[in-house]
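In: From the sequence below, what's the structure:
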Amino acid sequence: MTKLSVNINKFATLRNSRGGNNPDVVKAAVDAQQFGADGVTVHPRPDERHIRYNDVREIKKIITTEFNIEGNCTEQKFVDLVLEVKPNQVTLVPDALGQLTSDHGWDTVKNKNYLIDIIKVFKNAGIRVSIFIDPVIEMIEGAAATGTDRVELYTEAYASHYKNGERDTAVKPYVDAAKKVKELGMGLNAGHDLDLNNLKFFKQNIPWLDEVSIGHALICDALYFGFENTIQLYKRQLM
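Out: Down below sits the predicted model:
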């Protein structure tokens, strides 16, 4: 079964735009769980422009499903937070400071030694590690050499080609990458721009997918369909 982890960053973006605590980010995490999500994802950034570091601490107190924290592990503040909170999974993303959204994966060859060292830090704390990478065979082979438990395929290119009606072209490099991940004995996650239009086809072509993390599209759909109904709509795409 492919798990759905709901990224609740957008709840925090809306809250921060007005001040106060509406919507309540911790309640959003509670509701996501109650509405059927298999996990909750947060991606705190150094400027705390959406999820704040204290949000992560508060969510940890109430989480009953899987907790995934994404972020830039070159920021010591992020590393310290993850080691303090001890989520089920940490997803390492090579964001630049102030970056609007994640837009590329790790160069696992160039950064091999660094990744080996930082992955050991998290694994020694009992935290499963996933690293964000592009669907490139060389990068997947490099990921296997780092000791990571899983990789998360960056799916923006898939979503873009799919939207243009190029379904087979869109999914082929991801199928090839996923086969290599499986061959090398790593777990497989995916995320970025997956939505109700393209998710089912992606899952059908990569049935051994462990987890998808979806935030922006899911929250946008929830404005029209409701949060609980939207989570169930996404879960149906993964059956």
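
In: Which of the three states applies to Glu58?
Out: helix (DSSP: H, G, I helix; E, B strand; the rest coil).

In: Provide the count of other residues in contact range of it.
Out: The tally of other residues near Glu58 (other C-beta atoms under 10 Å) stands at 14. Using the backbone N, CA and C atoms, a C-beta is placed for each residue, glycine as well.

In: Give the closest residue to it in space, chain neighbours not counted.
Out: In space, and not counting its chain neighbours, Glu58 is closest to Val26: 5.0 Å by C-beta to C-beta, 6 or more residues apart in numbering.

In: pretty sure that neighbour is in a helix, no?
Out: Yes. According to three-state DSSP, Val26 belongs to a helix.

In: Surely it is in contact with Asn54?
Out: No. Judged on C-beta atoms under 8 Å, Val26 makes no contact with Asn54 at a distance of 10.1 Å.

In: Which one's more surrounded, these two?
Out: Of the pair Val26 and Asn54, Val26 is the one with more neighbours under other C-beta under 10 Å, namely 18 against 12.

In: What's the separation between that one and His104?
Out: 31 Å (C-beta to C-beta, to the nearest Å).

In: swap in Leu238?
Out: 25 Å.

In: Does Thr41 touch Leu4 like I think?
Out: No. Using C-beta under 8 Å, Thr41 is not in contact with Leu4; the gap is 10.0 Å.

In: Which helix runs longest in the chain?
Out: Using DSSP state H, we find that the single longest helix of the chain is helix 167-183.

In: Can you tell me the element the residue nearest the centre of the chain falls in?
Out: For the chain, the residue nearest the mean C-alpha position is Ser213 (4.2 Å; C-alpha atoms, centre = their mean). Element membership for Ser213, per DSSP states H and E: strand 211-214.

In: and after that strand, which helix or strand comes next?
Out: That would be, after strand 211-214 and using DSSP H and E, helix 216-225.

In: Show me where the chain has its helices.
Out: Counting by DSSP H, the helices of the chain are 9-18, 25-34, 53-62, 76-85, 112-124, 137-144, 156-163, 167-183, 199-205, 216-225, 227-237.

In: With just CA atoms, put the second one into PDB.
Out: Written as PDB, here are the backbone C-alpha positions of helix 25-34 (Å, rounded to 0.1, in the frame of the first residue of the first chain):
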ATOM      1  CA  VAL A  25      -1.800  24.200  12.300                       C
ATOM      2  CA  VAL A  26      -1.700  21.600  15.100                       C
ATOM      3  CA  LYS A  27      -5.500  21.000  14.600                       C
ATOM      4  CA  ALA A  28      -4.800  20.600  10.900                       C
ATOM      5  CA  ALA A  29      -2.400  17.800  11.800                       C
ATOM      6  CA  VAL A  30      -4.900  16.200  14.100                       C
ATOM      7  CA  ASP A  31      -7.700  16.500  11.500                       C
ATOM      8  CA  ALA A  32      -5.400  15.100   8.700                       C
ATOM      9  CA  GLN A  33      -4.900  12.000  10.800                       C
ATOM     10  CA  GLN A  34      -8.600  11.600  11.700                       C
END
